[in-house]
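Undergrad: sharing a model that was predicted from the sequence below.
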Amino acid sequence: MIVSKFGGSSVADDNQIRKVKAILESDERRRIAVVSAPGKRNKEDQKITDLLYKCNSMVQKGQTCRPVFNEISKRFVQIAQKLHIDDVKISEKLDDIRCMIDAGRGADYAASRGEYLSALIISEFLGWEFLDAQDVIVINQDSTVNEATYKKLAEKLDPEKNYVIPGFYGETEQGVLKTFTRGGSDITGSIVARAVNAELYENWTDVSGIYRADPRIVENAEVIPELSYKEVRELSDVGATVFHEEAIAPIYGIGIPIVVKNTNKPEDPGTKIIDADDVKGPCGVSARGGLSRIRLRKLMLFKKYGMRHALLTMLHIFGIRPCYSLFGIDSIVWFFDSKMANDSVCQAMCERLTKEFGLDSITVDHGHAILGIAGGEMDSSDVYLDAAMTLRENGIDTTFVNYGSSDASVLIGIKEEQAAEAVKAVYNKLF
C-alpha cells in the first residue's frame with residue numbers, strides 16, 4: 001500500500017485536484033490520500049490556512065471576520081461547483097464553521113477547517129471514504145503524536161477501502177481539537193504510513209524534489225536524488241521547507257521510504273528519503289533567517305547546578321523557545337525566532353533574568369541567520385573549512401561555527417542580510 005500526501009499547492013483549485021485524482025488512479029496501490037488546505041493559486045493569492053488564522057485573530061480582537069470568511073467560502077464553493085460536487089452541503093458546513101469561529105473556538109479549530117473541508121470535497125470527488133483526523137489522530141500537549149493513534153487507525157482503516165484523511169490536526173486525550181505545528185500535514189501522512197506499514201510514503205508538492213539549495217536563490221540548483229532521514233531533518237531545520245522535519249519521527253526506525261514528487265510533473269523521479277547511512281560528503285545547503293540572539297554571562301555559570309534549566313524555564317515564561325544554543329564556561333548564547341518576542345518583551349525578559357539570576361550581562365540583538373550544510377560524515381570532512389574560507393573570500397562575516405556536534409551537518413552563524421549571498425557562494429564552492 002502507498003500513502004500519498006498532497007500539499008496546499010496540489011489542492012489549490014479544481015484543476016490541481018483533477019491532477020491529484022489522475023495520480024491516485026494511476027496506481028492501485030495508492031489507497032490512502034492525506035490532504036492539506038488549499039494553498040496559493042498564484043503569488044498574489046493567500047493560503048486558506050492564513051485566512052482562517054486571520055478570522056480567529058479578528059474575532060479575538062472583537063472584530064467581525066465575515067468579509068475574510070466570505071473569501072474562504074467563495075473559494076471552497078467555487079472548487080465544489082467546478083468539480084460538480086453538491087455545493088449546498090459545503091455551504092452548510094462553511095456556515096457552521098463560521099459560527100464556531102465567531103463563538104471563540106480558538107486558533108487550532110479555525111486553522112484545521114481548511115484541511116477538513118479540503119478532504120470532504122476531495123473524498124466526494126474521488127468516491128473515496130472520508131475519515132476525520134479528529135477521530136483517529138491523538139496529539140499530546142507538546143504537539144507530538146500519542147501512541148494511541150496507531151491503535152485507533154488500525155481499528156478504523158479497512159484494507160479493502162480507499163480513504164481521504166485531512167492532515168494537520170487531531171485531538172488530545174481529553175477530546176480537544178489540536179493541530180500540529182505549521183506544515184503538519186506531512187506529519188499526518190507519516191503517521192498513517194506507519195499505521196498501515198506502507199511500502200512507500202509519497203509527498204506531493206509543487207517542486208520536483210528537494211534541491212541542494214533554494215532554487216529561488218541558486219539558479220539551476222540540482223535536485224538531490226536520495227537523502228537519509230537524518231540529512232533531510234538537518235536540511236529542514238535550517239530552512240529547507242519542502243518536507244517538515246518532524247515528519248520523520250513517526251517512521252524513524254521503521255524503514256518506510258519517502259519520495260517527494262511534483263504534482264505538476266508526476267513523471268519526474270523526485271527525491272527519495274530512506275532509512276540508511278548517509279553518503280559521505282555534503283548533499284545540500286540552506287539558511288534559516290529571522291533569528292534573534294540572546295547573549296548572557298555570569299561568572300561560574302556552569303558551576304551552579306540547575307542554572308541552565310532555570311534560565312530556559314524563564315525564557316519559556318516570556319514565550320521564547322530557543323532553536324540553537326552555544327555554551328561557554330561563563331556564558332550562554334541562544335538563538336530564537338524573532339517573531340516570538342518584540343523589543344518590549346525582550347527588555348522585560350532581560351530585566352527579569354538579571355534580577356532573578358544576578359547576571360553579569362545580557363543582551364538581545366536581531367537580524368541573524370544560520371547557514372547549514374547537511375551531508376554524511378560531516379564531522380570528519382573538510383567541508384567546514386571550504387565553507388568558512390568561501391564565506392570569508394566573499395566578504396561574509398560569521399558569528400560562530402558549530403562543527404562536530406552532529407555528524408550530518410555544519411552550522412555557521414551569519415547576518416540575515418547576507419544569507420542569500422552565503423547560500424549561493426557555498427553552493428557554488430561545494431557543488
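TA: Received it, and whenever you're ready, just let me know what you need.
Undergrad: tell me what the helix or strand of the chain with the lowest mean pLDDT is packed against?
TA: Lowest by mean pLDDT, DSSP states H and E among the helices and strands of the chain is helix 229-237, with a mean of 85. In terms of contacts (3 or more C-beta pairs under 8 Å, 6 or more residues apart in numbering; DSSP states H and E), helix 229-237 is packed against strand 271-274, strand 281-297, strand 361-376. All C-beta spots, glycine's among them, are computed from the backbone N, C-alpha and C.
Undergrad: mind redoing it with 6 Å?
TA: strand 281-297, strand 361-376 (3 or more C-beta pairs under 6 Å, 6 or more residues apart in numbering; DSSP states H and E).
Undergrad: can I get the ones you listed in JSON lines with mean pLDDT and distance to Glu44?
TA: Listed next are the helices and strands packed on helix 229-237 as JSON lines, based on pLDDT from 0 to 100; distance: least, C-beta to C-beta, whole Å:
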{"stretch": "strand 281-297", "mean pLDDT": "93", "distance to Glu44": "22"}
{"stretch": "strand 361-376", "mean pLDDT": "93", "distance to Glu44": "27"}
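Undergrad: out of these, which comes closest to Tyr324?
TA: Nearest of the helices and strands packed on helix 229-237 to Tyr324, taken as C-beta to C-beta: strand 361-376 at 6.1 Å.
Undergrad: identify the residues contacting that closest one?
TA: 231, 234-235, 238, 278-289, 291-297, 338, 346, 350, 353-354, 383, 387, 408-412, 414, 416, 419, 422 (C-beta atoms under 6 Å, 6 or more residues apart in numbering).
Undergrad: buried residues, the lengthiest helix in the chain. List them.
TA: Looking across the chain with DSSP state H, the single longest helix is helix 107-126. The neighbour-count check on helix 107-126 (16 or more other C-beta atoms under 10 Å) flags 107-126 as buried.
Undergrad: my read is that Ile72 contacts Leu51, right?
TA: Yes: contact criterion C-beta atoms under 6 Å: Ile72 and Leu51 qualify, at 5.2 Å.
Undergrad: higher neighbour count, the two?
TA: Ile72 (25 against 20; other C-beta atoms under 10 Å).
Undergrad: which strand or helix spans that one?
TA: Per DSSP states H and E, Ile72 falls inside helix 66-82.
Undergrad: that helix to helix 107-126, inter-axis angle?
TA: 20 degrees (axes from the mean of the first three to the mean of the last three C-alpha atoms, to 10 degrees).
Undergrad: quick one, helices of the protein?
TA: Counting by DSSP H, the helices of the chain are 14-25, 48-60, 66-82, 87-102, 107-126, 148-156, 185-195, 229-237, 307-317, 343-357, 383-393, 419-430.
Undergrad: could you dump those helices into a markdown table with distance to Thr205 added?
TA: Below are these laid out as a markdown table (distance: least, C-beta to C-beta, whole Å):
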| stretch | distance to Thr205 |
| --- | --- |
| helix 14-25 | 11 |
| helix 48-60 | 15 |
| helix 66-82 | 19 |
| helix 87-102 | 25 |
| helix 107-126 | 15 |
| helix 148-156 | 24 |
| helix 185-195 | 10 |
| helix 229-237 | 13 |
| helix 307-317 | 33 |
| helix 343-357 | 35 |
| helix 383-393 | 28 |
| helix 419-430 | 20 |
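Undergrad: and these, which one is worst for confidence?
TA: Mean pLDDT is lowest for helix 229-237 among those, at a mean of 85.
Undergrad: show me the contact partners of it.
TA: Residues contacting helix 229-237 (C-beta under 6 Å, 6+ apart): 243, 245, 248, 273, 275, 278, 283-284, 286, 374, 408-409.
Undergrad: how about that helix, which residues are buried there?
TA: 229-237.
Undergrad: hey, C-alpha coordinates of it in CSV?
TA: Extracted in CSV, the C-alpha atoms of helix 229-237 (Å, rounded to 0.1, in the frame of the first residue of the first chain):
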residue,chain,number,x,y,z
TYR,A,229,16.3,10.5,7.2
LYS,A,230,19.0,12.3,9.2
GLU,A,231,20.1,14.5,6.3
VAL,A,232,16.5,15.7,5.5
ARG,A,233,16.0,16.6,9.1
GLU,A,234,19.2,18.7,9.2
LEU,A,235,18.3,20.5,6.0
SER,A,236,14.7,21.2,7.1
ASP,A,237,15.9,22.5,10.4
